[in-house]
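[1] the sequence and its predicted three-dimensional model are supplied below.
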Amino acid sequence: MATTRGRRTPGDAKGPGAAPKQRVAVVIPAKDESRRIAATVRAARAIPHVDLVLVVDDGSEDATQHVAREAGAVVVRHSHNRGKAAAMETGAAVVAMRDTEDRPPRLLLFLDGDLAESAVNAAPLVPPVLEGSADLSIALLPPQPGAGGRGIVVGLARRSIQSLTGWTPTQPLSGMRCLTREAFEAATPLARGWGVETGMTIDLVSKGFVPVEVPCDLRHRASGTDLRGQMHRAAQYRDVLLAVNARKVRGVARGVRGRLGRKATPTR
């Protein structure tokens, strides 16, 4: 496995000439999460090194933005629903505007809006990235009560990531992840829809960024076995397949350009 792309000095050093303390920004894409977002925000603010919690209200029809702001989050809002990937990109852009030249760019910790009080348990995702042993940390969640999936989408994502990168993740669809600014920018533009995590992982590992999976006791709403849950998983399958196929095509195109370039090089 490749070494991390950008080594950072751990941000706890003190004294003259010490590196500035590394900060972490939590970015929470949210749509219609007014019932859980306040607890999620408060719990996220308690994670060590976090100095900014940003909620991107992705076209909610309820009071998500107001509840999140009252709980202490900085809130930006999409006037209409643009999807998780767009919310993540908006959040990262706002964090970048709040970074300063005299401090390292904040690490980005992406959390779902429905984690409620369990969001504080995402804290173990930060140290591997903060200390430079990984560029991307991904949460391994315990079994979720009420989950009704049969592993079809997870299997597709896992096999695809392994095939295209050589790394086999345990939970390839986990959306709770911490990464460096450099890694995030290397993964953009993000895959659309439910393919965002699979696409991000393929893009980063293919480019030599180092991933790690970290157990975290996080709890969120799981998709059940009813019609709504089945439709959700069908949309997931579609989006993961689109993300994977786009990267396969991209890889083929790079290979063709490489072969053409070699043929065009004069031989001595």
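    Received it, and whenever you're ready, just let me know what you need. If you're wondering where the values come from, they're calculated on a predicted model, not measured in any experiment.

[2] what's the longest strand in this protein?
    Counting by DSSP state E, the longest strand found in the chain is strand 50-58.

[3] now that one: mean pLDDT?
    Per-residue pLDDT over strand 50-58 has a mean of 98.

[4] repeat for stretch 136-154
    Mean per-residue pLDDT for stretch 136-154: 82.

[5] go on, stretch 34-41?
    In this model, stretch 34-41 has a mean pLDDT of 97.

[6] flag every buried residue along that stretch.
    For stretch 34-41, the neighbour count (16 or more other Cβ atoms under 10 Å) marks Ser34, Arg36, Ile37, Ala38, Ala39, Thr40, Val41 as buried. All C-beta spots, glycine's among them, are computed from the backbone N, C-alpha and C.

[7] please verify my assumption that the fifth one contacts Val120.
    No - counting by Cβ atoms under 8 Å, Ala39 sits too far from Val120 to count as a contact (10.0 Å).

[8] what about Ala44, neighbour count?
    28 (other Cβ atoms under 10 Å).

[9] quick one: the helices in the stretch 1-150 of the chain?
    For the stretch 1-150 of the chain, the helices defined by DSSP state H, counting those that start in this stretch occupy 37-45, 64-70, 84-98, 126-130.

[10] of all these, which lies closest to Thr170?
    Between Thr170 and these, the tightest spacing by Cβ to Cβ is seen for helix 126-130, at 15.4 Å.

[11] in that closest one, what's buried?
    Buried residues in helix 126-130 (16+ other Cβ under 10 Å): Val126, Pro127, Pro128, Val129, Leu130.

[12] ok, now stretch 134-143?
    Quick answer for stretch 134-143 (16+ other Cβ under 10 Å): Ala134, Asp135, Leu136, Ser137, Ile138, Ala139, Leu140, Leu141.

[13] give me the most central residue, the chain.
    Central residue of the chain (Cα atoms, centre = their mean): Arg177, 4.5 Å from the mean position.

[14] what's the spacing between that residue and Ala71?
    22 Å (Cβ to Cβ, to the nearest Å).

[15] could you do Pro105 as well?
    According to Cβ to Cβ, Pro105 and Ala71 sit 25 Å apart.

[16] same thing with Thr100?
    Thr100 is 25 Å from Ala71, by Cβ to Cβ.

[17] cool, Gln230 as well?
    Separation of Gln230 from Ala71 (Cβ to Cβ) stands at 33 Å.

[18] ok, these two, which is more surrounded?
    Higher neighbour count among Gln230 and Ala71: Ala71, with 19 against 14, using other Cβ under 10 Å.

[19] how near is the more buried one to Pro215?
    Using Cβ to Cβ, Ala71 is found at 27 Å from Pro215.

[20] please apply the same query to Ala246.
    31 Å.

[21] likewise for Glu70?
    32 Å.

[22] got it, and Ala235?
    Distance, Ala235 to Pro215, using Cβ to Cβ: 28 Å.

[23] so where's the stretch 151-268 of the chain uncertain?
    For the stretch 151-268 of the chain, the stretches flagged by pLDDT under 70 are 222-229, 232, 252-268.

[24] helices of that one, residue ranges please.
    152-165, 181-187, 196-206, 227-264.

[25] distance to Ser60 added to those, as JSON lines?
    Listed next are these as JSON lines, based on distance: least, Cβ to Cβ, whole Å:
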{"stretch": "helix 152-165", "distance to Ser60": "25"}
{"stretch": "helix 181-187", "distance to Ser60": "24"}
{"stretch": "helix 196-206", "distance to Ser60": "19"}
{"stretch": "helix 227-264", "distance to Ser60": "18"}
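
[26] please identify the deepest-packed of these.
    Of those, the one with the most neighbours on average (mean count of other Cβ atoms under 10 Å) is helix 196-206, at a mean of 25.

[27] tell me the helices and strands packed up against it.
    Helix 196-206 is packed against helix 84-98, strand 136-140, helix 152-165, strand 177-179, helix 181-187, strand 211-215, helix 227-264, with contacts defined by 3 or more Cβ pairs under 8 Å, 6 or more residues apart in numbering; DSSP states H and E.
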